[in-house]
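Visitor: please work out how this folds:
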Amino acid sequence: MDAPPPFTGQAPAAPAAAPIAAPTATIGWAAQVIGATKVYGSGEAEVRALDGVTVGFEHGRFTAIMGPSGSGKSTLMQCAAGLDRLTSGQAIIGDVDITRLTEKELTLLRRDKIGFIFQQFNLLPTLNARENITFPLDLAGRKPDPAWMDQVVATVGLGDRLDHKPSELSGGQQQRVAVARALVERPEIIFADEPTGNLDSRSSAEILTFMSRAVAEQGQTVVMVTHDPIAATYASRILFLADGRIVDELLQPTREAILARMGGLGL
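Guide: Numbering: from 1, shown residues only. Take a look at the predicted model:
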């Protein structure tokens, strides 16, 4: 596997990460941003949510993004996924520069290549759990692989709830549906924003383990925003953001290493 890209900006003193390479055309990135800047407002009200970030996300890797509230971690994910437009710079999915796409083209690309998991479940209230899980595939005119569908449903513990509508499910069960929806279509990359934020510790561990297995065994690519050091240990790489910049990264993290790095960065 090619080495991951560097962070930008000046990091406080911390244990050194392994040498890493910048995004280049010769490396098969699932997604990358180059010189990514996102500005909200203007004048004295201007907020620079991203400040010239360059980073790539490799195929077949589980990357976590961490940082304090307002650091830009969710903005980075949303811009990389094409849910928000950059003020300047590039966002690329595979070999497609999504900053050049029309809204219609961007919608089709997201539908065909990207899976999303958010704290807000974004389920359709008129559809039952099974229909919500397969909805993106239905839109694309594709059918789920039956064996994979069964494995996903079993893993998220929804076998006896597939015929229930969101109003008949608990918050944790609705989040399980959202996770299953992202996984079942086997997208090229999954972007997850606090995907286990509404689950208990056991359910969180089951889903994060399954996501890790999807990366290790199926070559899935996952980019996850989280504030939870335990959740972050399921990733093989962590990026730390502060003030709209990537200030550090950690490879093959442990909970102790994550906490130490966050403390060293004042996060």
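Visitor: give me the nearest residue to Gly72, chain neighbours excluded.
Guide: Counting by Cβ to Cβ, 6 or more residues apart in numbering, Gly244 is the residue found nearest to Gly72 once chain neighbours are left out, at 4.3 Å. For glycine as for every other residue, the C-beta is placed from the backbone atoms N, C-alpha and C.
Visitor: got a list of what that neighbour touches?
Guide: By Cβ atoms under 8 Å, 6 or more residues apart in numbering, the contact list for Gly244 reads Lys38, Arg48, Ala49, Leu50, Asp51, Val53, Ser71, Gly72, Thr75.
Visitor: ditto for Trp29
Guide: Pro23, Gly56, Phe57, Glu58, His59, Ile92, Gly94.
Visitor: what is the nearest of the contacts of Gly244 to Gly263?
Guide: Of all the contacts of Gly244, Gly263 sits closest to Ser71, with 15.6 Å by Cβ to Cβ.
Visitor: the closest one against Asp243, yeah?
Guide: Yes: the pair Ser71 and Asp243 passes the contact test of Cβ atoms under 8 Å, sitting 6.7 Å apart.
Visitor: need the longest helix for this protein.
Guide: With secondary structure taken from DSSP state H, the chain has its longest helix at helix 201-218.
Visitor: how far does that helix sit from the chain's center?
Guide: Once both centres are worked out by Cα atoms, centre = their mean, to the nearest Å, helix 201-218 turns out to sit 14 Å from its chain's centre.
Visitor: and the helix or strand following it, what other elements does it pack with?
Guide: Sequence-wise, the next helix or strand downstream of helix 201-218 (DSSP states H and E) is strand 222-225. Applying 3 or more Cβ pairs under 8 Å, 6 or more residues apart in numbering; DSSP states H and E, we find strand 222-225 packed against strand 62-66, helix 73-80, strand 189-193, helix 201-218.
Visitor: so which of those gets nearest Asp150?
Guide: Across those, the minimum distance to Asp150, taken as Cβ to Cβ, is reached by helix 201-218, at 13.2 Å.
Visitor: for the record, mean pLDDT for the closest one?
Guide: Averaging pLDDT along helix 201-218 yields 86.
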